[in-house]
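> from the sequence below, what's the structure:
(one chain, ligands or ions: 3)
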Amino acid sequence: MAQIAQVLVDVPTMQTNRPYSYQIPTAWQSQVQPGMRVVVPFGRGKRRVQGLVLTCDDVTTFDGDLKAIDAVVDLAPVLNQEGLQLSAWLAQTTFAFQITCAQTMLPAVMRAKYEKILRPTAQTSTAVQTEIFQGQLEVNYDQLATTPQAVSRLLRLQAAGEVDVYYQVKNQARRKTVLGIQSTLSAADLDTELAAVRKGAAKQVALLKGLQTLNGEVITQKDFHQRFDVSEAVIRTGEQKGWLTRPAIEVYRDPYATADIQPTKPLHLNDEQQVAVDQIVAAVDQPATTTFLLEGVTGSGKTEVYLQSIAAALAQGKTALMLVPEISLTPQMVKRVKGRFGKAVAVLHSGLSSGEKYDEWRRIQRHEAQVVVGARSAVFAPLENIGLIIMDEEHESSYKQDDAPRYHARQVALWRSQYHHCPVVLGSATPSLESRARAEKGVYQRLVLADRVNQRPLPKVSIIDMKNELQKHAESNFSQALLVALQDRLDRHEQSVLMLNRRGYSSFVLCRDCGFVLKCPNCDISLTLHMDTHTMKCHYCGHEEAIPRICPNCHSHKIRYYGTGTEKVEEELRDLLPDARIIRMDNDTTRKKGAHAKLLTQFGSGEADILIGTQMIAKGLDFPNVTLVGVLNADTALGLPDFRASERTFQLLTQVSGRAGRAEKTGHVYIQTFNPDHYAIRFAQHHDYEGFFKYEMRMRHQGGYPPYYFTVQITASDLDEAIAAKRMYQLLQWLKPRLSSQTVILGPTPKPIARVNRRYYYQIVIKYKQEPQLTATLSTLLQETQAQQRQGLQIAIDVEPLHFM
Ligand SMILES: Nc1ncnc2c1ncn2[C@@H]1O[C@H](COP(=O)(O)OP(=O)(O)OP(=O)(O)O)[C@@H](O)[C@H]1O
Ligand SMILES: [Zn+2]
Ligand SMILES: [Zn+2]
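Ligands and ions are numbered 1, 2, ... in the order given. Reported below is the predicted structural model:
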C-alpha cells in the first residue's frame, strides 16, 4: 500500500491552479495530513516549491514516475478542513488561484521564501572552486548574480557542469524563545546540596531555595531572577554544577503586553440595547444562522451590545470573532474588548509586526484565545467552534480587498456562519444600501438603536454655504461661523475635530460660484479630469469632452479643480487661532508604527484642543470632551465618478458628526459645502438614515445600479494600450452571446487612472439581475485568456467591485 498526497503548489498561474499528485515517503505516512505545508519538487531541474496538502489517499498502484514529497514543513496542519473548504470556495467565487487564497488566510510569515543555491560538482575545477565557492560548500546565487555578465558566466558554468543549481524553500516563521530555568535535582537531592553548600555562599543558597520553590515547574530566567533575586552569573554556576538546565522556552510577542488595560464589567443595558442583546443571544443559544443588521445611531452603545453578545457565546463554550475596519481598530476599541475578556482576546491588524501576528494567530489556533478582534483578514482567524461573528461598521469599503483574492469580508463571514451554524451581527449607524435592502426583504433581521445612550441628543448640524463665504473672504478654508465656534470651544476648554475630506481630491472640477459639477450626459455621474489628455471623461460609458473654461450653469470663470491639503489647513489655522494646540492626523503623520495610536491618546488625554485629520478620524472615536465637529469640504466625495458617491458622503458626514457631544456636553457640527441642497448633505444634517435609504434606493432604481443589479468588473491591462483596448473589445464580443438579453454591459472604457506602473487599464462592467451561468462563463474566460496572460496581458475579475476607479 502506498500513500499519495494531492498538493497545491505555490506557483500561482492558471495552469497550476489544480492539485498535483505526490508520493508520500513511507517513513512519513502517518504524519503527512491535509492542511500541512510541504516542500515538493516542481517542474524541470531541481526546482523546489512549497505546497499545501489537500488530501492523502491510500492507493494500491500508481504511476511509477510520481515524484515524492521532499520535506514536511509543519508538525500539525495549518489549515483545518474548514480552512481548506473555504479556500476552495474563495478561489471559485473571486476568480483567484486557490493557493493565493490559502496564503491570504495564513499569516504572511508562513509564505515560503525561495533561495537559489549553487553547489560544486565532481567536475568543478580548482579555479572555479576558488573563484565561486572560496572554500564553502554552497553559495547563494543572488549574491553572485549581480550583473548581466555575472549571470551569463554562471549559466555557462552550469552548462559545463561545473556548478549545480539547487532551490531551497525557507520557512520564515520564527518562534521567539527565551532561556528558562529547570531544576535537574529531586527534592531529596536539593536538600542534600543545600546542606553541603558553604555557609557564606548566600547566593547559591538563594538559587537552591528558588529551585526548591519551583517544585519541578519551568519558568523564564527573567522571572526567576525577579522572584528570587539571583543573578545570571550565579545561575550559570548552578548550571555548571549540574543543578539546573536552561531550556529554550517559547514566549509570545504580545503587542499589548505593556498596555494599561482596566478590567470592565457589563453595563446595565437600556431598553433598546436589551432587545438587541436578547435577540442575538437567543440565536447564539439556539444556535441559528440568523444575520442581524444592527442599525444604531452614533453613540447608541453598539459596542456594549457586541460585548454582551460575545459573552453569551463564551458562556456556551464557543468562540467569537469581531471584525472592525482597520482604521477604527484604535487602542480604544482594543481596550474595550480586552477590558472585558482579558487574556482570552487575540488582536490581528496591520499595525502588528509579522512576528506578533504569527504569535497571535498561533494563540488562536492552540485554543488559547477565544475572542478575536481584527481587521479584514482576521475573518480567516483559525477559530474553531465559532458561536458568533460580529462585523462593526459593516458599510466600510475597507472590508473589500482590492487585490486578488478580491473578497469581501462580509461574504466570508456569512460563509463561516453557515459552516459553524452561528449568527452574524452586521452593525453600523449607516448600513450599506445592500445590507439595508436585504433587511427590507427579510433576508437579514433588523435591530434598531434609535437613541443615544442616556437619551443624549444627537448633535445639531449647521450647513454652511461656502459660495457665500468665498464672496466675503476670498480663499479661506474656514467659514466665519466655524471660526467663531472653534474660538468658543477654546474659551470653554472643550475639544474640536476638523475633517478634511481627501477622497476625490482635485479629480473633478467645481464652480466656486454656483457649486456646479460637470456630469456625463448619458450616466448622470461626474466626469473626471484627465490631465494627460486635457479632457473630462466618463468612467462608465466613455463619454469625453473638453475641460470647461466657464461654468456651463452660471457662466462664472471660477470653475476649477478642487482640493487642498491637511498641512495647508493646519498652517492657516495656526495663523487664525495662534493659541490653539493642534494635532494633525493624515497619511504623513501616521506613517510610523504606533503613531496613529499615540496621536489619539494625546488628544484623548487633553494634550490638544483641535484634531485635524482626513477620513481616518471620522469613525469610532469616543471622546467625551469633543463638542464641535467641523467638516471643511463635504463635496469632494460627491464629485467622484461613482454611483456610490452620495452614499459615501452621507455615511462619512453622519459618522464624523457622531463624534460630537457623546457625553454630558451637547455637540454641534458645521458642514461646509458648495452644494448645501444636495440630498446626501440634507439627510445627514437631520441624522435621517431611513430617509436617505429610501431616496437613494429610488435613485439606484432609476439608474439601474446595485442593489437592484449585481455587478462584475473585468479589467484588462497591458504595457501596450492598443492591446489592452483590443482585447477588451474581443472579450466583449465573446461575452455578449453568452449572457442573457436583460444583462447590460458597460464599456469598454479606459480606467480613470488609465496608466499605472506603465500598464494601461481597460474595463467593462457587467450589470445583471439573474445570470446563473455567470461564474462558469467567467471561469472559462479566464482559462481562455491564460495564453495571453503569459505574453504580458493581464485579466482581472472583480465581483461586486466597490470602486470603479
Ligand atoms: N447601557 C449603557 N449605559 C451607559 N453607558 C453606555 C451604555 N452603553 C454604552 N455606553 C457608553 O456610551 C458610549 C458610546 O457607545 P459606543 O461607542 O459603543 O457607541 P457606538 O454605537 O459604537 O457609536 P459609533 O457608531 O459612533 O461608534 C460609550 O462611552 C459607552 O461606554
Ligand atoms: Zn457616461
Ligand atoms: Zn457656476
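> tell me, how many residues neighbour Gly317?
For Gly317, the number of neighbouring residues by other CB atoms under 10 Å comes to 9. C-beta here means a position set from N, CA and C on the backbone, and glycine is covered the same way.
> that one contacts His367, correct?
No: using CB atoms under 8 Å, Gly317 makes no contact with His367, being 11.1 Å away.
> can you show me the helices along the stretch 501-650 of the chain?
When assigned using DSSP state H, counting those that start in this stretch, the helices of the stretch 501-650 of the chain occupy the ranges 566-576, 595-604, 645-657.
> in stretch 12-30, what's buried?
By neighbour count with 16 or more other CB atoms under 10 Å, stretch 12-30 contains the buried residues Pro12, Met14, Thr16, Asn17, Pro19, Tyr20, Tyr22, Gln23, Ile24, Pro25.
> would you format the residues you listed as CSV with distance to ligand 3 and secondary structure included?
Below are the buried residues of stretch 12-30 laid out as CSV (distance: CB to the ion, whole Å; DSSP: H, G, I helix; E, B strand; the rest coil):
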residue, distance to ligand 3, secondary structure
Pro12, 51, coil
Met14, 51, coil
Thr16, 57, coil
Asn17, 53, coil
Pro19, 62, coil
Tyr20, 64, strand
Tyr22, 69, strand
Gln23, 74, strand
Ile24, 73, coil
Pro25, 77, coil
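> element containing Leu194?
For Leu194, the host element (DSSP states H and E) is helix 187-196.
> may I have that helix as CSV, with CA atoms only?
Extracted as CSV, the C-alpha positions of helix 187-196 are listed here (Å, rounded to 0.1, in the frame of the first residue of the first chain):
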residue,chain,number,x,y,z
ALA,A,187,13.6,17.3,46.2
ALA,A,188,15.9,15.0,48.3
ASP,A,189,18.9,16.0,46.2
LEU,A,190,18.1,19.6,46.7
ASP,A,191,18.1,19.1,50.4
THR,A,192,21.5,17.4,50.2
GLU,A,193,23.0,20.1,48.1
LEU,A,194,21.6,22.8,50.4
ALA,A,195,23.2,21.1,53.4
ALA,A,196,26.5,20.9,51.5
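> for ligand 2, what is the nearest residue in the stretch 1-150 of the chain?
Nearest residue of the stretch 1-150 of the chain to ligand 2, counting by CB to the ion: Phe95, 26.5 Å away.
> ok, the spatially closest residue to that residue that is not a sequence neighbour to ligand 1 distance?
Leaving aside its sequence neighbours, Phe95 sits nearest to Ile797 (CB to CB, 6 or more residues apart in numbering; 4.2 Å). From Ile797 over to ligand 1 the distance is 34 Å, taken as CB to the nearest ligand atom, to the nearest Å.
> ok, the residue of the stretch 1-150 of the chain closest to ligand 2 touching Leu778?
Yes: using CB under 8 Å, Phe95 makes contact with Leu778 at a distance of 6.1 Å.
> and stretch 59-74, end to end?
Chord length of stretch 59-74, first to last residue, is 24 Å (CA to CA, to the nearest Å).
> averaged pLDDT, it. What do you get?
Mean pLDDT, stretch 59-74: 82.
> can you tell me what sits against that stretch?
Residues outside stretch 59-74 that contact it (CB atoms under 8 Å, 6 or more residues apart in numbering) are 1-5, 7, 21-25, 28, 31-32, 36-41, 48, 50-51, 169, 171.
> how distant is it from the center of its chain?
Averaging C-alpha coordinates over stretch 59-74 and over its chain gives two centres that are 37 Å apart (CA atoms, centre = their mean, to the nearest Å).
> same question for stretch 187-203.
Stretch 187-203 has its average C-alpha position 57 Å from the chain's average C-alpha position, going by CA atoms, centre = their mean.
> then stretch 549-568?
For stretch 549-568, the distance to the chain centre is 35 Å (CA atoms, centre = their mean).
> and stretch 286-305, what's its mean pLDDT?
Stretch 286-305 carries an average pLDDT of 96.
> now do the end-to-end distance for that stretch.
Terminal residues of stretch 286-305 are spaced 18 Å apart (CA to CA).
> buried ones in that stretch, by neighbour count?
Residues of stretch 286-305 classed as buried by neighbour count (16+ other CB under 10 Å): 287, 290-305.
> show me where the stretch 1-150 of the chain has helices.
Going by DSSP H, counting those that start in this stretch, the stretch 1-150 of the chain shows helices at 81-94, 98-105, 126-128, 141-144, 148-159.
> please work out which of the ones you listed is packed deepest.
Among the helices of the stretch 1-150 of the chain, helix 98-105 has the highest mean neighbour count (mean count of other CB atoms under 10 Å), at a mean of 23.
> for it, name the packing helices and strands.
Using 3 or more CB pairs under 8 Å, 6 or more residues apart in numbering; DSSP states H and E, the elements in contact with helix 98-105 are strand 2-9, helix 81-94.
> follow-up on the earlier one: and ligand 3, which of the buried residues of stretch 286-305 contact it?
With the criterion set as CB under 5 Å from the ion, no member of the buried residues of stretch 286-305 is near ligand 3.
> among these, which lie within helices?
Lys302, Thr303, Glu304, Val305 (DSSP state H).
> lowest average confidence, helix or strand, in this structure?
Each helix and strand of the chain was given a mean pLDDT (mean pLDDT, DSSP states H and E); the minimum falls on helix 786-790 at a mean of 63.
> and the next helix or strand past that helix?
strand 794-799.
> mind checking the pLDDT average for that next one?
Strand 794-799 comes out at a mean pLDDT of 89.
> next: stretch 560-572.
The pLDDT scores in stretch 560-572 average 72.
> before we move on, what SS does Val178 have?
Going by DSSP: H, G, I helix; E, B strand; the rest coil, the secondary structure assigned to Val178 is strand.
> so it sits right up against Val251, yeah?
Yes: applying CB under 8 Å as the test, Val178 and Val251 come out as touching, 5.4 Å apart.
> which neighbours do these two have in common?
In terms of CB under 8 Å, 6+ apart, Val178 and Val251 are both contacted by the residues Thr220.
> what number of residues lie near Ser354?
For Ser354, the count of nearby residues is 15 (other CB under 10 Å).
> in contact with the residue nearest to it when sequence neighbours are not counted, which residues?
Excluding its sequence neighbours, the residue lying closest to Ser354 (CB to CB, 6+ apart) is Val109, at 4.8 Å. When the contact criterion is CB under 8 Å, 6+ apart, the partners of Val109 are Gln172, Ala173, Arg174, Ser354, Gly355, Lys357, Tyr358.
> would you mind measuring from Val109 to ligand 1?
Look at Val109 and ligand 1: by CB to the nearest ligand atom, they are 33 Å apart.
> next one: Gly210
45 Å.
> ok, that residue touching Val230?
Yes: between Gly210 and Val230 a contact is recorded at 5.9 Å, counting by CB under 8 Å.
> between these two, which contacts overlap?
Phe224.
> residue contacts, Thr220?
Val178, Leu179, Gly180, Ile181, Ile249, Val251.
> same thing with Gly35?
By CB under 8 Å, 6+ apart, the neighbours of Gly35 are Leu52, Val53, Pro77, Val78, Leu79, Asn80, Gln81, Gly83, Leu84.
> ok, now with 7 Å
For Gly35, the contacting residues are Val53, Pro77, Val78, Leu79, Asn80, Gly83, Leu84, by CB atoms under 7 Å, 6 or more residues apart in numbering.
> over to Thr184?
Contacts of Thr184 by CB under 7 Å, 6+ apart are Gly242, Trp243, Leu244, Thr245.
> how far away is it from Ile249?
16 Å (CB to CB, to the nearest Å).
> where does the stretch 301-450 of the chain have low pLDDT?
Counting by pLDDT under 70, the ranges of the stretch 301-450 of the chain that qualify are 327-330.
> residues from it in reach of ligand 1?
With the criterion set to CB under 6 Å from any ligand atom, the stretch 301-450 of the chain comes near ligand 1 through Gly301, Lys302, Thr303, Glu304, Ala429.
> give me that answer again for 8 Å
The stretch 301-450 of the chain comes close to ligand 1 at residues 301-305, 328, 336, 392-393, 427-429, 449, as judged by CB under 8 Å from any ligand atom.
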